[in-house]
Structure formats: C-alpha cells, structure tokens
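Novice: prediction below, plus the sequence it came from.
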Amino acid sequence: MAVDQTLAQFKETETGESFSLQNPRLLKVELADVTIQAKRGSMVAYQGDVKFEHASSGSVGRLLKKVATGENLRLMKVTGSGEVFLADHAQHVHLIKLDSESITVNAPNLLALDAGIEWDIKKVEGASGMLAGGLFNVVLSGSGLVALVSHGPPLLLEVEDGATYADPLAAITWSSGLKTAIKTDVGFKTLTGRASGESIQMSFSGNGWLLIQPSEGAVDRTEGGRAAGGALGNLLGGG
C-alpha cells in the first residue's frame, strides 16, 4: 500500500550518519555491530536484529559513586545490526560531537552515548554545612557523538568574564573549561517558606560555554534520572 501524500512529510530520512535526527524530538541510531548506551526506556521503535540489555556501571568505583551520591543514571546497552529510534517524553534532541575532549552533563538530559564515549560522576564543589551532600553531574569524555534532550529549545551562553548563574535543573551541559560551584541563600526565610523559591544556583566561571533549557525539571523523569542531585535535592525538594 502506497504512503498517503499527507504522511510523506514524516518519512524516515537517510543521512549515512550513525546518529541522525528524524525530527527535533526523535533520534535514529544506525547500529553496525557496535555497542551504544542509551537512557533506559527511551526506545520507541527499531528495525533489524537489535538487542537491549542492562548497562552496568562498568567499574566498582563508578558503582560506589552512584550509590553514594544518589545519581540515578539509568542506561541500557544497545547492540546488533539495524536501526533504533530513541526519544524521551517528546523533548528536543541535540547532538554534540566530542573529539578527544570532555563535557559535563545533567544526568536527566542524557539520551545516548556513542561507543567511544566514557562517563563518570563528579561532584559540584561549593556546598557546605546543611548542603554538604552537594550536587552531582556526569562527565563525558572521549571521541564520538552524544545525544542530549531539553525540555524546550535551549539557549547557549558564552562564559568569559565574571560568573554566570543558572538553576541546577536548567543547566543541561557545559564545557570542560568552566569551574562550577553552588551558591545558596538558605536561611530562616527558606525554612519558614518565605524565600523567593530560587535558593540554590550553580555558578559557572572561566572560559567556555553553558547550555540551558527553559525549564526547571517539569518533565516526569522517573526512568531518566533524579529531579535534583544527591542530598541537595532530597533536602530542598528540587529546583
């Protein structure tokens, strides 16, 4: 049966690339007997001989970090030959190509990793006292493609002179040249419910870039990750 002309605009596109966007919210990954990692539950369709398995932390050190920090990075291994289509709550999908470099990513915004990308968990410095649990993010390094998602179209900020501040849940990813810290105004007003609602911010300083989304975690992410990092999110209930 021929495809109706009104549906033809939605046809699959062939780019010859391993990762390619089919539309702003849907990613296609071409598998050629390599293993990629993707957010658990993100598969919406596939064609060919494709297998999905639980992805372990890969090392005792990373497993202990996940347990200690509460970083809920849930990945699956995708192997075989064919093509798999990935999405996450119809969020916007963005591709970043790494060439022997690294970036830091907010775990809920991570959709898929190319075979040549490694990950680790890193603490954001600056939380102290009652916020000593801190905030944790995922560092990606190596060469290959990374697919991220954002709740709405993102904005790229250049960080040069002085500091840039963002809500921890709005910051999607940033370059390795930036130094991060936590800024808080937790005090009596916060504890009595009279605060502004913006008691926690992340600061970014140095030279590099920061990608933010126009959201503070409105999307349901029970499969994809935490609503806020580690003990910091548990204490204040997210951003």
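Specialist: Alright, I've got the coordinates. Numbers count the residues shown, from 1 in each chain.

Novice: these two touch, right, Ser143 and Ser102?
Specialist: No - the pair Ser143 / Ser102 is not scored as a contact, 10.6 Å apart, by Cβ atoms under 8 Å. Using the backbone N, CA and C atoms, a C-beta is placed for each residue, glycine as well.

Novice: which of the three states applies to the closest residue to His54 other than its chain neighbours?
Specialist: Distances taken as Cβ to Cβ, 6 or more residues apart in numbering put Met76 closest to His54, at 6.3 Å, once the chain neighbours are dropped. Under the three-state scheme (DSSP: H, G, I helix; E, B strand; the rest coil), Met76 adopts strand.

Novice: so what's Met76 bridging to?
Specialist: In this structure, Met76 bridges to Ala38, His54 when assessed by DSSP bridges.

Novice: ok, now Leu98?
Specialist: Gly144.

Novice: dump the residue contacts of it.
Specialist: 117, 140-146 (Cβ atoms under 8 Å, 6 or more residues apart in numbering).

Novice: quick one: which two of these are the most distant?
Specialist: Ser141 and Leu145 (13.4 Å; Cβ to Cβ).

Novice: more neighbours: which of those two?
Specialist: Leu145 (21 against 16; other Cβ atoms under 10 Å).

Novice: so what's Pro24 up against?
Specialist: Contacts of Pro24 (Cβ under 8 Å, 6+ apart): 92-93.

Novice: now it: how far from Glu118?
Specialist: Noted for Pro24: a distance of 28 Å to Glu118, by Cβ to Cβ, to the nearest Å.

Novice: among the contacts of Leu98, which ones are buried?
Specialist: 117, 140-142, 144-146 (16 or more other Cβ atoms under 10 Å).

Novice: tell me the one of these nearest Glu12?
Specialist: Leu145 (18.7 Å).

Novice: these two touch, right, the closest one and Phe19?
Specialist: Yes - under the criterion of Cβ under 8 Å, Leu145 makes contact with Phe19 at 4.5 Å.

Novice: any shared contact partners between those two?
Specialist: In contact with both Leu145 and Phe19: 95, 114, using Cβ under 8 Å, 6+ apart.

Novice: lowest mean pLDDT among the helices and strands of the chain, which one is it?
Specialist: helix 230-236 (a mean of 36; mean pLDDT, DSSP states H and E).

Novice: which sections of the chain are below the confidence cut-off?
Specialist: Flagging of the chain using pLDDT under 70 yields the residue ranges 1-3, 56-72, 125-134, 185-198, 217-239.

Novice: helices of that one, start to end?
Specialist: If DSSP state H is used as the criterion, the helices of the chain fall at 60-69, 188-191, 230-236.

Novice: relative to Glu101, how far out is Trp119?
Specialist: Counting by Cβ to Cβ, the gap from Trp119 to Glu101 is 14 Å.
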